[in-house]
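Chemist: Quick one: sequence and predicted model below, then my questions.
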Amino acid sequence: MEDVRSPDEIRGRGVRFRDFIRATVFAMLWLLAAGAFAAPRVGVVTMGPGEEYWSRFGHDAILIDDRADDPSAEPILYNFGYFNLDEPNFLLHFVQGHANYQLLALPYRVDIQQYREAGRGASVQWLDLTPEQANRLKARLEWNARPENATYPYDYFTKDCTTRVRDALDYALDGRLHAQLSAPSQGLTYRSEAVRLGAPSWWMGLAMHFALGPYADRPLSRWDEAFIPERLQASLRTVRTAAGTPLVTGEQPLLPQVLPPALPDMPDWRLRFLLCGMLFAALALAGSRYGPRTTAAFAGLYWLVCALLGTGLLLIWCFTEHVAIWRNQNILLCSPLCFALLPGAWSALRGRATGPWHRRLLLWVAVSAGLALFLKCLPFLYEANGDWIALFLPIHLALAYAGRRRFAIDAAADSRIGATA
């Protein structure tokens, strides 16, 4: 069929078609560019310490806010600090060092409510991430929050809720966070931080101080010390982006801290421990002469406590994955050998003489405690257990001396009785 359109009409339709193609391509490129540059606002939310023992260290989480791109979107808090007490054998796994924690992605208003009700403060640090970095972090967190990926093996110092936040930020920053936080710290150690934060609950602070071994006394880099939320918060203020600008663009308070804040430093207990040790040693020496049965009751209780503590340390070393407790030199101060001293304490409590084996065992236990002091001269075996040496060593020495003196008195009495007969 013959085309009756004029040449101008044909050219006009061709121009309109080309314009349509150009407009379509431009729109597609604009949409792609908009998708590439649209990014969420990213913040790190730091919570203050709580009252429960598992919340004494404080907490933090990553806040992803997409409202700039979608006003109807709700900010999401990615929280690595959840655990399930109903998980089969959870307590057994925790004791063995195999506890599992998990990441949950919850609406901000829902997750923050628990901290408000507990009286724990909170603040957010907004981060200067590029769109590509922010989107990469968001995608990583969304993948990590899937049920099949959310669980991770927990470690008190190296794999906790804060180190997971730190590692996620380092991933988004292409390793710049680790590079800038690798410098030595201000002399902080795992022990100093754990005892500082646990000390408001006296039993928790003392238990951590006694249980931690030499692993907990190595100096930490700022990267290592970022297992504590407030330390990570402080370190983020010093980090620079690739452009040389501060990573933290602003900080915003979210909740007031109603509960008492954490202590600024690890408590200094050395003098008090030494005074207690010297006092109990003096009472043991005086009691062995003027109240031997009362002293025997005290010695039996003291040896029982020492034996239980030392056996506990030994079992943790041999049968758990709590690396921070391994090779604990407090085993020398609280020797399981103290169990063998209990029959002698029972004999003395009943007014009977103890045998020479008891005196020799007393000497071995005292020498063991003295060895803990000698190890302070060996820098390659350093452990910050001087407080416990100051407490236990004087008592061991006093009981060993009292036992030796009591044995000499009993032996002299026996010889007089034999001579009279």
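Modeler: Ah, there it is. Quick caveat: nothing in here was measured; it's all calculated off a predicted structure. Numbering: from 1, shown residues only.
Chemist: following the helix or strand bottoming out on mean pLDDT in the chain, which helix or strand shows up next?
Modeler: Across the helices and strands of the chain, mean pLDDT, DSSP states H and E gives its lowest value to helix 7-37, namely a mean of 51. Toward the C-terminus, helix 7-37 is succeeded by strand 41-47 as the next helix or strand (DSSP states H and E).
Chemist: Not counting its own residues, what contacts that following strand?
Modeler: 58-68, 77, 112, 115, 120-127, 129, 134, 137-138, 165, 169, 172, 229-230, 232-233, 236, 254-255 (CB atoms under 8 Å, 6 or more residues apart in numbering). Every C-beta, even on glycine, is put in place using the N, C-alpha and C of the backbone.
Chemist: Give me the buried subset of these.
Modeler: Neighbour-count burial (16 or more other CB atoms under 10 Å) applied to the contacts of strand 41-47 gives 58-66, 77, 112, 115, 120-127, 129, 134, 137-138, 165, 169, 172, 229-230, 232-233, 236, 254-255.
Chemist: Give me the subset of the residues you listed lying in strands.
Modeler: Among the buried ones among the contacts of strand 41-47, the ones falling in strands (DSSP state E) are 59-65, 77, 122-127, 254-255.
Chemist: out of those, who's nearest Leu371?
Modeler: His59 (40.8 Å; CB to CB).
Chemist: Show me the domain layout of the protein.
Modeler: Domain segmentation of the chain under automatic domain parsing yields 1-37, 40-255, 270-412.
Chemist: Please name the residues that touch the residue lying closest to Tyr401 once chain neighbours are set aside.
Modeler: Nearest non-adjacent residue to Tyr401, counting by CB to CB, 6 or more residues apart in numbering: Leu285, 6.9 Å away. If a contact means CB under 8 Å, 6+ apart, then Leu285 has Ala398, Tyr401, Ala402 as its contacts.
Chemist: mind listing the helices for the stretch 151-300 of the chain?
Modeler: 161-172, 176-180, 190-198, 202-211, 229-236, 270-290, 292-319 (DSSP state H, counting those that start in this stretch).
Chemist: any chance of the ones you listed in a markdown table, with mean pLDDT too?
Modeler: Output for these, formatted as a markdown table (pLDDT from 0 to 100):
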| stretch | mean pLDDT |
| --- | --- |
| helix 161-172 | 97 |
| helix 176-180 | 96 |
| helix 190-198 | 96 |
| helix 202-211 | 95 |
| helix 229-236 | 96 |
| helix 270-290 | 95 |
| helix 292-319 | 96 |
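Chemist: Let me have those in JSON lines, adding distance to Gly344 as columns.
Modeler: Below are the helices of the stretch 151-300 of the chain laid out as JSON lines (distance: least, CB to CB, whole Å):
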{"stretch": "helix 161-172", "distance to Gly344": "49"}
{"stretch": "helix 176-180", "distance to Gly344": "57"}
{"stretch": "helix 190-198", "distance to Gly344": "35"}
{"stretch": "helix 202-211", "distance to Gly344": "26"}
{"stretch": "helix 229-236", "distance to Gly344": "49"}
{"stretch": "helix 270-290", "distance to Gly344": "13"}
{"stretch": "helix 292-319", "distance to Gly344": "8"}
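Chemist: Okay, and the nearest residue to Cys276 once chain neighbours are set aside sits in which element?
Modeler: Distance criterion CB to CB, 6+ apart; nearest residue to Cys276, sequence neighbours excluded, is Leu391 at 5.9 Å. According to DSSP H and E, Leu391 maps onto helix 386-420.
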